[in-house]
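Asker: Starting from these lines, generate the structure:
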Amino acid sequence: MKKISFIAACFLIFAITSKAQNINTGSSYKTAIGVKVFDGGGLSLKTFIKNNTAVEGLLYFWNKGTRITGLYEIHGDISGAEGLKWYVGPGAHLAFYNTSYGGGTVIGVDGVLGLDYKINGVPLNISFDWNPNIDFGSTNGFNAGAGGLGIRYTF
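Answerer: This next block holds a predicted model:
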């Protein structure tokens, strides 16, 4: 539990300090913090580091355990759809499985493909993505069913 509290505190500190930085991005927001749900749920922090690239940190909780994921996302505009972008990129994760699911700690590689929509005039962002991944460790294997719906407050 101390590890989870420490990671949540790091997310919060990162969100506050990234707001203080003024980077001109092609996105209609710089940073967003909120939740992401799929087979469980978690915290999501996304921040743009360049005009069309963002990093996203995720802290998931679900019936199998806890998972920390980092993603590097390349964004692109969708012509004729203001506020809507596609994104794709690589990532990595560290997962801690419950004993009922084999127990242990695993590392893995991730991919992400999704849509990101910033609601005009409202500080909200909605995303929907597919996040296939491979675990290496006590539970090896490919998971094609990961992904989720994200709802975040933007600033």
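
Asker: for this protein, which spans come out with low pLDDT?
Answerer: Applying pLDDT under 70 to the chain flags residues 1-27, 101.

Asker: now the helices: where do they sit in it?
Answerer: In the chain, the helices defined using DSSP state H lie at 2-20.

Asker: thought Asn125 was touching Tyr29?
Answerer: Yes - Asn125 lies in contact with Tyr29 (Cβ atoms under 8 Å); the separation is 6.3 Å. All C-beta atoms are positioned from the backbone trio N, CA, C, and that covers glycine.

Asker: Return every residue with contacts to both of these two.
Answerer: Residues touching both Asn125 and Tyr29 (Cβ atoms under 8 Å, 6 or more residues apart in numbering): 118, 154.

Asker: Among the two, which residue is more densely surrounded?
Answerer: Neighbour count, other Cβ atoms under 10 Å: between Asn125 and Tyr29, Asn125 has more, with 24 against 20.

Asker: Can you show me the strands along this protein?
Answerer: Taking DSSP state E to define them, one finds strands in the chain at 31-38, 40-48, 53-62, 65-77, 84-97, 104-118, 124-130, 133-137, 141-143, 147-154.

Asker: In contact with Gly83, which residues?
Answerer: By Cβ under 8 Å, 6+ apart, Gly83 lies in contact with 28, 117-120.

Asker: Not counting residues beside it along the chain, what's closest to it?
Answerer: Distances taken as Cβ to Cβ, 6 or more residues apart in numbering place Lys118 nearest to Gly83, at 4.6 Å, with adjacent residues excluded.

Asker: That neighbour pairs with what?
Answerer: Beta-bridge partners recorded for Lys118 (DSSP bridges): Asn125.

Asker: my guess is it meets Thr154, correct?
Answerer: Yes - contact criterion Cβ under 8 Å: Lys118 and Thr154 qualify, at 6.5 Å.

Asker: So what's the residue count around Ala92?
Answerer: When neighbours are counted by other Cβ under 10 Å, Ala92 comes out with 14.

Asker: ditto for Ile49
Answerer: Neighbours of Ile49 (other Cβ under 10 Å): 15.
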